[in-house]
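**Q** this one's structure only:
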């Protein structure tokens with residue numbers, strides 16, 4: 001028994017390697033790092049690591065990494081990226097599902113579309129990561145809440161809040177969120193958003209999920225146990241009404257981009273974690289608070305110089321050719337993660353076309369990537 005344990009302890013750990021020969025998780029980390037850099041050398045490295053990951057069966061990890069980078073480093077500075085990335089994700093996903101994997105990797109069209117995605121993201125202006133304020137448990141004491149003065153009533157809140165289904169504290173917090181947006185006090189608005197989400201979570205924990213702050217089913221989940229995200233749907237509806245008011249006054253012109261944030265919150269992109277879905281609400285707050293003060297309150301084009309971008313994309317195939325000259329390898333995704341992805345796809349085919357708002361499923365891809373990197 002002892003000798004067996006010693007042998008197992010001395011057995012070398014097999015490092016999963018990419019097609020080009022990198023340790024897979026190091027390749028992922030290198031791509032994460034180089035995406036934050038600029039210049040021709042950085043772009044070349046980003047295309048090289050991307051080609052290697054994609055041609056090593058790492059499509060899911062590469063895609064999840066791209067989404068994560070956008071949430072952490074770009075978001076409101078180039079809001080159009082969410083529309084672009086959702087469309088590009090579907091396109092690349094369809095190609096991966098329609099053809100043999102090796103055939104996809106050798107497809108010039110696939111190479112160019114993946115490369116353009118990397119180059120677009122790498123060249124966009126940066127925005128600091130969203131920092132959520134701390135909300136102490138003391139603030140959820142009714143006594144503390146009574147010491148907070150009411151904010152002015154908002155038409156947007158009154159259009160959404162229902163006296164029949166929603167608790168008064170929802171209107172109280174939502175009015176504070178929009179008042180803070182008017183003051184361009186983003187941290188205050190985020191405080192009240194987080195406070196409301198935490199308050200609803202506390203209520204659900206207390207009643208084992210049977211009770212929330214609202215009995216209205218804005219998530220469209222029908223009867224039965226309340227959806228965990230119901231309070232988020234209330235906030236999204238309030239922010240949508242506030243946006244409409246600003247749009248009517250010509251203070252914002254990001255209609256498609258704002259709608260995409262709402263759609264992502266509702267679960268249009270299943271790879272998003274629950275944290276990223278909450279960040280969609282935070283980005284909506286940033287839009288309402290900051291964009292009306294911009295000189296041009298509209299989303300700017302993602303590609304500043306189409307000719308230069310087209311030339312770079314045309315040259316990107318050589319990075320794939322360099323990787324494809326190596327022998328194919330087993331998918332760098334561990335078997336348990338491959339099975340999880342396969343299970344998700346099977347369930348997606350089995351269910352109706354309704355969006356699944358389950359928080360656990362929304363967290364699935366985030367857990368997959370972290371499990372891989374930390375191995």
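**A** Ah, there it is. Values in this document were obtained by computation on a predicted structure and should not be read as measured data. Residues are numbered from 1 along each chain as shown.

**Q** Residue 241 sits in which helix or strand?
**A** helix 230-248 (DSSP states H and E).

**Q** Next, count neighbours for residue 210.
**A** Neighbourhood size, residue 210 [other CB atoms under 10 Å]: 10. C-beta coordinates here come from the backbone N, C-alpha and C atoms, glycine included.

**Q** Tell me where the stretch 251-375 of the chain has helices.
**A** With DSSP state H, counting those that start in this stretch as the criterion, the stretch 251-375 of the chain has helices at 255-266, 274-290, 306-315, 317-324, 335-350, 359-362, 364-373.

**Q** just checking, which of these comes out with the lowest mean pLDDT?
**A** When these are compared by mean pLDDT, helix 359-362 comes last with a mean of 41.

**Q** Can you point out the buried residues in the helix holding residue 241?
**A** Using 16 or more other CB atoms under 10 Å as the test for burial, helix 230-248 gives 230-243, 245-246.

**Q** quick one: it to helix 274-290, angle?
**A** Counting by axes from the mean of the first three to the mean of the last three CA atoms, to 10 degrees, helix 230-248 points 30 degrees away from the direction of helix 274-290.

**Q** mean confidence for helix 230-248?
**A** What helix 230-248 shows for mean pLDDT is 95.

**Q** Can you tell me what sits against that helix?
**A** 154-157, 159-161, 166, 170, 174, 177-178, 181, 193, 196-197, 200, 212-214, 216-219, 227, 252-253, 255, 258, 262, 265-266, 277-278, 281, 284-285, 287-288, 292 (CB atoms under 8 Å, 6 or more residues apart in numbering).

**Q** Can you name the next helix or strand after the helix or strand encompassing residue 174?
**A** Assigned by DSSP H and E, residue 174 belongs to helix 168-182. Toward the C-terminus, helix 168-182 is succeeded by helix 186-206 as the next helix or strand (DSSP H and E).

**Q** lowest-confidence helix or strand of this structure?
**A** Of all helical and strand segments in the chain, the minimum by mean pLDDT, DSSP states H and E falls on helix 359-362, at a mean of 41.

**Q** picking that back up, for the helix holding residue 174, what is the average pLDDT?
**A** Mean predicted confidence for helix 168-182 is 96.

**Q** show me what contacts residue 38?
**A** The contact partners of residue 38, by CB under 8 Å, 6+ apart, come to 122, 123.

**Q** Pull up the gap between it and residue 243, please.
**A** Distance of residue 38 to residue 243, computed by CB to CB, to the nearest Å: 32 Å.

**Q** next one: residue 217
**A** Distance from residue 217 to residue 243, counting by CB to CB: 23 Å.

**Q** Same check on residue 330?
**A** Counting by CB to CB - residue 330 and residue 243 are separated by 47 Å.

**Q** just residue 256 next, same as before
**A** As judged by CB to CB, residue 256 and residue 243 stand 12 Å apart.

**Q** for residue 310, same thing?
**A** 34 Å.

**Q** Equivalent analysis for residue 211, please.
**A** Going from residue 211 to residue 243 by CB to CB gives 30 Å.

**Q** Okay, strands next: where are they in the stretch 51-200 of the chain?
**A** Applying DSSP state E, counting those that start in this stretch to the stretch 51-200 of the chain gives no strands.

**Q** in it, which ranges drop under the pLDDT threshold?
**A** Along the stretch 51-200 of the chain, no part satisfies pLDDT under 70.

**Q** ranges for the helices of it?
**A** Secondary structure of the stretch 51-200 of the chain (DSSP H, counting those that start in this stretch): helices at 59-73, 80-98, 101-105, 108-123, 142-146, 155-160, 168-182, 186-206.

**Q** Check whether residue 121 really touches residue 70, as I assumed.
**A** Yes. Applying CB atoms under 8 Å, one finds residue 121 in contact with residue 70, separated by 6.5 Å.

**Q** Now for the two: what residues contact both?
**A** Taking CB under 8 Å, 6+ apart as the criterion, residue 121 and residue 70 both touch residue 81.

**Q** so residue 101 makes contact with residue 56?
**A** No. When contacts are counted by CB under 8 Å, residue 101 is not listed as touching residue 56 (10.3 Å).

**Q** The two: which has the busier surroundings?
**A** Each of residue 101 and residue 56 has its neighbours counted (other CB under 10 Å); residue 56 has more, 27 against 14.

**Q** any idea how far residue 115 is from that one?
**A** Counting by CB to CB, the separation of residue 56 from residue 115 is 16 Å.

**Q** for residue 83, same thing?
**A** Residue 83 sits 19 Å away from residue 115, taking CB to CB as the criterion.
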